[in-house]
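1. Return atomic coordinates for the entry below.
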Amino acid sequence: MKRGKKYKEAAAKVDRSVLYDADEALQIVKDAASAKFDETVELHIRTGCDGRHAEQQIRGAVVLPNGTGRSVRILVFAKGNKLDEAQEAGADYVGGEELIPRIQNDGWFDFDVVIATPDMMGVVGRLGRVLGPKGLMPNPKAGTVTMDVATAVKEAKAGKIEYRLDRSNIIHVPIGKASFTKEALVENFNTIMDAVIKAKPSAVKGAFLKSVTVASTMGPGVKLNVTRLMA
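-> Purely as a prediction, here's the structure:
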């Protein structure tokens, strides 16, 4: 892939032979972010899990103490007074079965998080083929299938993120924006790393963390010292 001048200048600041501590790595990422927009700072965790086995799957959610730096649009599937609770908590869209054709047939996806009450999962399940590939399917482990829709909405608005393995057994999550202070990014980083390490499946053999990398949207990756993270 051909890289631009700014990327090459930023990459030159990263010593590929060094495994950095989190605070130093995140400062490098901040310094390397030179796009005209506020770049997202991303965390990529390569694990030793084999996601083909259910007992080695990882999936959960955590509220970042300093948020993600982006506004989140929330769709809630519910009925009765739960619709009112969701709306009062700040949900952007609320509804029930009438929303199915809008999503399924009209390709409406103006939302970032989908929350559903358990009694609506029979309806929402019909959207599995379109919501699943986009990572939008509600899930109890992520706290997005719940009767407490008000709390779920407030947490999502406050910066709750979901983490899970992709097909390559890597976890990709945003931990903030390049405009955040280094201290805010480090706090968010530590929060998600603590959650992932605690979620280590007992069935994993060998090293759990293969590599941990942070990068901004347009910047180079900076590798961290995994041994210190596991200490």
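2. okay, the spatially closest residue to Val76 that is not a sequence neighbour: pLDDT?
-> Distances taken as C-beta to C-beta, 6 or more residues apart in numbering place Ala86 nearest to Val76, at 3.9 Å, with adjacent residues excluded. All C-beta spots, glycine's among them, are computed from the backbone N, C-alpha and C. Here the pLDDT value assigned to Ala86 is 97.
3. same deal with the one 4 residues further on?
-> In the prediction, the pLDDT value recorded for Gly90 is 96.
4. what about it, distance to Asp166?
-> As judged by C-beta to C-beta, to the nearest Å, Gly90 and Asp166 stand 29 Å apart.
5. who's more crowded, those two?
-> Gly90 (14 against 11; other C-beta atoms under 10 Å).
6. Name whatever forms a beta bridge with the residue most central in space within the chain.
-> The chain has Val173 as the residue nearest its centroid, 3.8 Å off, counting by C-alpha atoms, centre = their mean. Judged by DSSP bridges, the bridge partners of Val173 are Leu43.
7. Check which residues of the longest helix seen in the chain are buried.
-> Counting residues, the longest helix found in the chain (DSSP state H) is helix 182-198. The neighbour-count check on helix 182-198 (16 or more other C-beta atoms under 10 Å) flags 182, 184-189, 191-193, 195-196 as buried.
8. That helix packs against which elements?
-> helix 22-32, strand 40-47, strand 59-63, strand 160-164, strand 170-177, strand 209-216, helix 226-230 (3 or more C-beta pairs under 8 Å, 6 or more residues apart in numbering; DSSP states H and E).
9. Least reliable of those by average pLDDT, please.
-> helix 226-230 (a mean of 88).
10. Domains in this structure, by residue range?
-> 5-67+160-230, 74-158 (automatic domain parsing).
11. hey, least reliable of these by pLDDT?
-> domain 5-67+160-230 (a mean of 92).
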